[in-house]
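> the following comprises the amino acid sequence and a computationally predicted model.
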Amino acid sequence: DAKTTQPNSMESNEEEPVHLPCNHSTISGTDYIHWYRQLPSQGPEYVIHGLTSNVNNRMASLAIAEDRKSSTLILHRATLRDAAVYYCILRQGGSEKLVFGKGTKLTVNP
Amino acid sequence: GAVVSQHPSWVICKSGTSVKIECRSLDFQATTMFWYRQFPKQSLMLMATSNEGSKATYEQGVEKDKFLINHASLTLSTLTVTSAHPEDSSFYICSVVLRNQETQYFGPGTRLLVL
């Protein structure tokens, strides 16, 4: 499984944008970039995913580098409820498996 | 609303007993379910893939005789931790993949404490 690299932790202030980076230099052409987040003592929650083009949904935006070797999850206005561990995961095309790395623990300050 | 439920949400048992955890897909047929384990301050570790009507596929290093998985219907998968020991204490999480969807929906998790 292709690996991803994320910072262990990041901090943000409430109502400010947050950019969570992810490096995936060994990504293959059929790998999808998925982001999930996990709030304390809960199961993970889907955030967003993409293949090549940038994606937007009600939760976040995903910016994918042109060479696809990195991506950035963007929370446009962080709230206290966004404090969680964010996982960047490469899912192989044709496979449903997700292999979780260590993720980035996001702290949102009031 | 929730797509996936787990029961129980937490369980305490004595060493040597077996514990069954249920994972239900609510209102949706799930051809594939996954079981994960998460130790404190660590990431999720995939244990096995549960396919309806067939044997589960276990990840390397996961004992299939220790962690019995049954996926008897399109909405229910069970994980039985047999002869549980304190080192099996963990947060067990299931997820489902719905037909023709890209995402996984995760259950709320079951916290197991083996004394």
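Structure's in. What do you need?
> from here on, just use CA atoms for contacts and neighbour counts.
Fine.
> name the residues of chain A found near chain B, please.
With CA under 8 Å from any CA of the partner chain as the criterion, chain A comes near chain B at residues A:41-46, A:96, A:98-103.
> ok, which pair from these is furthest apart?
Of all pairs drawn from the residues of chain A next to chain B, the greatest distance, 24.1 Å, lies between A:Ser41 and A:Glu96 (CA to CA).
> which one of the two is surrounded by more residues?
Set side by side, A:Ser41 and A:Glu96 give different neighbour counts by other CA atoms under 10 Å in any protein chain shown, the larger being at A:Glu96 (18 against 12).
> dump the residue contacts of that one.
The neighbours of A:Glu96, taking CA atoms under 8 Å, 6 or more residues apart in numbering or on different chains as the test, are B:Val97, B:Glu102.
> you'd agree it is in a helix?
No: in this structure, A:Glu96 is coil, not part of a helix, as judged by DSSP: H, G, I helix; E, B strand; the rest coil.
> B:Ile21 versus that one, what's the distance?
Distance from A:Glu96 to B:Ile21, counting by CA to CA, to the nearest Å: 22 Å.
> element containing B:Glu22?
Assigned by DSSP states H and E, B:Glu22 falls within strand B:19-25.
> for the residue of chain B found nearest chain A, give me its contacts.
When distances are taken as CA to the nearest CA, chain B approaches chain A most closely through B:Pro108, which lies 4.7 Å from it. Residues in contact with B:Pro108 (CA under 8 Å, 6+ apart) are A:Gln42, A:Gly43, B:Val4, B:Ser5, B:Gln6, B:Ser9, B:Ile93.
> out of the residues you listed, who's the most crowded?
Using other CA under 10 Å as the neighbour test, the contacts of B:Pro108 are led by B:Ile93, with 27 neighbours.
> mind listing what that residue touches?
Remark: with contacts taken as CA under 8 Å, 6+ apart, B:Ile93 is in contact with A:Gly43, B:Trp35, B:Tyr36, B:Arg37, B:Gln38, B:Phe106, B:Gly107, B:Pro108, B:Gly109, B:Thr110.
> list the beta-bridge partners for it.
Per DSSP bridges, the residues bridged to B:Ile93 are B:Tyr36.
> model confidence score at it, please.
According to the model's per-residue confidence, B:Ile93 sits at a pLDDT of 98.
> sec struct for the residue in chain B sticking out farthest from the centre, please.
Of all residues in chain B, B:Asn100 sits farthest from the chain's C-alpha centroid, using CA atoms, centre = their mean; the distance is 21.9 Å. State at B:Asn100, reduced to three classes by three-state DSSP: coil.
> measure it to B:Phe106 for me?
B:Asn100 sits at a distance of 17 Å from B:Phe106 (criterion: CA to CA).
> what's the answer for B:Lys14, then?
On the measure of CA to CA, B:Lys14 and B:Phe106 end up 27 Å apart.
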